[in-house]
Structure formats: structure tokens, C-alpha cells
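*Asks:* quick one, what's the 3D model for this:
(one chain, ligands or ions: 2)
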Amino acid sequence: MKYISTRGQAPALNFEEVLLAGLASDGGLYVPEQLPVFTQEEIASWAGLSYAELAFKIISPFVNDCISDADLKVMIDETYAGFNHSAVAPLKELGTNEWVLELFHGPTLAFKDFALQLLGRLMDHVLEKRGEHLVIMGATSGDTGSAAIEGCRHSKHVDIFILHPHNRVSEVQRRQMTTILADNVFNISLEGNFDDCQEMVKASFADQGFLKGMKLGAVNSINWARIMAQIVYYFSASLAVGGPHRTVAFSVPTGNFGDIFAGYLAKQMGLPISQLVVATNRNDILHRAIAGNDMSKSQLVHTLSPSMDIMVSSNFERMLFDIYDRDGAAISDLMNRFRTESVSLDPARWEKVRELFDSFAVDDDATCQTIADVHAETGYLLDPHTAIGVKAARECIRDKAVPMITLATAHPVKFPDAVIKAELTAPALPTHLTDLFEREERLTVLENDLSAVQKFISEHVHPE
Ligand SMILES: Cc1ncc(COP(=O)(O)O)c(C=O)c1O
Ligand SMILES: N[C@@H](CCOP(=O)(O)O)C(=O)O
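*Replies:* Ligands and ions are numbered 1, 2, ... in the order given. Below is the predicted model:
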């Protein structure tokens, strides 16, 4: 399969090259030239497969010209064997046709493990084969960082540098990253916000001179492999509630638009999805763009759902590429203008976006209220990001006869502040993390300055 850039100026690459490239050389994001599409019969025949078996069916068409079936199978099996629930992504029923899809049974307790446990293995496999080394730079608002570190900490082929916004991630999130003391792991606490971290990663892809010939790689959802792995759980959830014979709806707590974009792709690949709800916190540019054609950046605010404190949502560009009939020049122009000014889509294109997505923004008070309400109704404890998804689902649902599945993107133990604000008791850390607060931390606080960050990286990277 070939992959092309959303900005139309970078060379088409195969999967192996896309995996290592991260961002395209023209600043765009790679997408498959053509998506595999599955028939309803084919999807129906997957009922009863294990999560790993299903993942193999969905992922192999994206990678099979580069990675053998046997190798892929081993990597997928190992990845999901490391999850601590036999169903890997179990569904919990909150009420009639109201479900949450628990995506937090991986090692770092957030949905990022689904892709990053696999991505670490895929990268290692390809780097070993090529005899190459990769310098990974990642931006995190809390969850990608720990999942990426967990996925790469044992690799002899990568050095990983993770930037998080100083004092803007939860303490559990920070410690999950900073207590990993492996030689190839570096945590940078940046005196800025998530958008600053992400912008530094993208700027470093644009000018890699500071690496003196070493290669830069990505673990954020700008890396196509992240999205690919996240498509699988939309299929598994649908199959679990009677799909594909029955249509389903999803509500997705959204920040960088990666997770909901994976749902959009599942639909394009043949899964009957009747509704996709984009749920945001007060950093609501995606809600404003979808509901009001307003892509103006506002001041990023710190919320009780810090992982979604994002204003510049990378993957929105991938979706717009389709909406603009894959016109790379139009996307390049739009994204360049978006850097410096408020933009809106032309009305016919915006209409298409509105047909694809519903959206809703939830503030901190409503987040806590939803955590409290759902707990009172069902005894189930939501994390603040998932609570935003549930609230948006309740507000936006179009057809109560259709199962509405909210993606539970993190375990509430990572966000005790929101749980306590909802006047509930914060849950205890799971056994593998019980001593998290006693472990030694290692991190470097850096000013919000690209050259300071690049200098740190070039001084600490292990040359090939
Ligand atoms: C817990 C949690 N929920 C939701 C999101 C939003 O996901 P996405 O960025 O793919 O939209 C994130 C991070 O991005 C997250 O960490
Ligand atoms: N919420 C994320 C932000 C980065 O998003 P990504 O999906 O592009 O890696 C986080 O927790 O770091």
C-alpha cells in the first residue's frame, strides 16, 4: 500500500517508510492512497474472533507489502497479551443502548497503549531489519508520553524525548513518564502548553539539522501507524453489540482528532456507523469548527481533562484532505493560513463536515456533574475525559434505538482531582503502580524555546 501526504508535495511512501518518517517532508500527514473496504459478510464473519485476531484482519492490508503475516501476527499477539483484561477492550453497559468502551486496560491505563504498544514493536522490527537508529520526539498532554515511553523503553534502536507542558499534566501522568529511568528515555517539562510542545516537534521535522544526520521519528498521531491501530476497536465494539447487522454510534472525547478520525476511517472501511460525536472540553475549537465553521484559535485553558487541552488538532487536517477531495494544494493553503489567522471552510465543504460529525463542548462543572450523575445512576466511575464523551453522547444522540458507545479513553485513577471534585473517592492505583509516588523521578525543565530543546536533544542523544 502507498501512502500520500495531505499537502501533496512529499513523495509517496510504503508502510515501513511512513512508520519511520512520522510527519511528511512537506509538513503534511500521511494517509493511505486507498483504504481497504470490507463487505458486511466479511465483517460479520469476524464475530467471535479474539481482539488480536481481529486486529490482524484489519491491520494486515495496511502493512502486508512490508511486513510478513507471521511477523505481524507475533507483534499483535504480544501487544494485546500485555493487556490486563481478557476482552482487551471490554464494553460496559450504563443503561439502555448506552455503553462505554473501556480502552484503559493496557500498561499505562489509557487508550494510547492500543497503538503505542504495537508501534514500539513495529519500529523495533523495522529498525532491526534496516540496522538503523531513530531519535523519537513526542509531545504529550499526559497520556501519549507514558504509553510511548512504555512502548520504547526496552528498544536498543531508539532514543525517545518526550515534551510535556510543565505543571499541566496530572501527577500520576507525570510520574508514569518520569519514573522510567532507562538510558534511552528523556522527559522534558516545557514551560509552555501542549500546543507549544507539538509545534516544537513539527518544527523539528521541518528542519532536522540539529540531529546531524540522525533520523527523527514520531510517536504522536501524526504517525499513520497510530491511527491504523486505533481503527480496530471500533470494529470490535460494533461486533460486540450486534454489528455489522446493527448500526452503532460513537462518542469520542477529542483533542488531537486522532481517535475520532480512526472511527471515521472505520466507517469508510465498511463499518455501519450512524453517528460520530466529537466531544471536547472548554478548548473547543473542534466543536466550534464543526458546529459553526469557526476555526479560530482561542487561549488554551487548563481543565480537569488535561489530556484534551489542545487547540491545534493535528488530525483534523487528515479529515479535511478528504473533504477537499484530496486536493493537497488546497489543504496546504488552508493549513498555512490557519497558522496565523482565523479560517473557515467554504460552505459546501463545511456542510460535508456537519454531515459526518456532531459535536458538543463540556466545561469542568458539567464534567464533574456527569461523573457524579453516572456514579449515582450506575455505580460506575468515569474519568473526566470519558465523562465529557458521555455528556456529549447524551446531548447529541439522534436515535435512542441505536447503541451509543462512548470511548472510555483513560482510567479514573489517573485524574483524582476531577473525581474528588465530583465528591467521590479517588480509586487506588493498580498493583503495578502502587509505589508510583515513592519512585525516583528524572526530568529536565526547559524554557519554551525551540533551540534550547534541540540543544538538549543533540547533547543527550546516543549516536548510532
Ligand atoms: C484520556 C484522553 N482522552 C482523549 C484524548 C483525545 O484523543 P485524540 O487526541 O486522539 O483526539 C486524549 C489525548 O489525546 C487522552 O489522553
Ligand atoms: N492527549 C494526548 C495528546 C497527544 O495526542 P496524540 O494522539 O497525537 O499523541 C496525550 O495524552 O499526550
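
*Asks:* any idea how far the nearest residue to D363 once chain neighbours are set aside lies from V301?
*Replies:* Of all residues not flanking D363 in the chain, R282 sits nearest, at 5.2 Å (CB to CB, 6 or more residues apart in numbering). To be clear about C-beta, it is placed using only N, CA and C from the backbone, and glycine gets the same treatment. For R282, the distance to V301 (CB to CB, to the nearest Å) stands at 5 Å.

*Asks:* more neighbours, those two?
*Replies:* Comparing R282 with V301 by other CB atoms under 10 Å, the one with more neighbours is R282, at 20 against 14.

*Asks:* for that one, give me the backbone phi and psi.
*Replies:* Dihedral pair for R282: phi -70, psi -20, per degrees, to the nearest 10.

*Asks:* offset the numbering so it begins at 720, please.
*Replies:* From this message on, residue numbering opens at 720, which makes the last subject R1001.

*Asks:* show me the contacts for it.
*Replies:* Residues in contact with R1001 (CB atoms under 8 Å, 6 or more residues apart in numbering) are 1020, 1022, 1080, 1082-1083.

*Asks:* next one: D1082
*Replies:* Applying CB under 8 Å, 6+ apart, the residues near D1082 are 1000-1001, 1022.

*Asks:* who does Y749 form a beta bridge with?
*Replies:* Beta-bridge partners for Y749, by DSSP bridges, are S724.

*Asks:* and the longest helix seen in the chain, what other elements does it pack with?
*Replies:* Of all the segments of type helix in the chain, defined by DSSP state H, the longest one is helix 831-849. Judged by 3 or more CB pairs under 8 Å, 6 or more residues apart in numbering; DSSP states H and E, the packing partners of helix 831-849 are helix 734-740, helix 788-800, helix 862-871, strand 877-884, helix 943-959.

*Asks:* would you list the contacts of R1001 in JSON lines and tack on distance to ligand 2, secondary structure and pLDDT?
*Replies:* Below are the contacts of R1001 laid out as JSON lines (distance: CB to the nearest ligand atom, whole Å; DSSP: H, G, I helix; E, B strand; the rest coil; pLDDT from 0 to 100):
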{"residue": "V1020", "distance to ligand 2": "15", "secondary structure": "coil", "pLDDT": "96"}
{"residue": "T1022", "distance to ligand 2": "12", "secondary structure": "coil", "pLDDT": "97"}
{"residue": "A1080", "distance to ligand 2": "17", "secondary structure": "strand", "pLDDT": "98"}
{"residue": "D1082", "distance to ligand 2": "18", "secondary structure": "coil", "pLDDT": "98"}
{"residue": "D1083", "distance to ligand 2": "17", "secondary structure": "helix", "pLDDT": "98"}
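
*Asks:* which of these lies closest to I1090?
*Replies:* D1083 (10.6 Å; CB to CB).

*Asks:* that closest one against P1025, yeah?
*Replies:* No. In terms of CB atoms under 8 Å, D1083 does not count as a neighbour of P1025; the distance is 10.9 Å.

*Asks:* out of those two, which sits in the busier spot?
*Replies:* Neighbour count, other CB under 10 Å: between D1083 and P1025, P1025 has more, with 26 against 19.

*Asks:* list the contacts for the more buried one?
*Replies:* 860-861, 887-889, 892, 1134.

*Asks:* how about a cut-off of 10 Å?
*Replies:* 860-862, 883-884, 887-889, 892, 913, 974, 1000, 1103-1104, 1133-1134, 1136-1137 (CB atoms under 10 Å, 6 or more residues apart in numbering).

*Asks:* having no further points to raise, I will conclude here.
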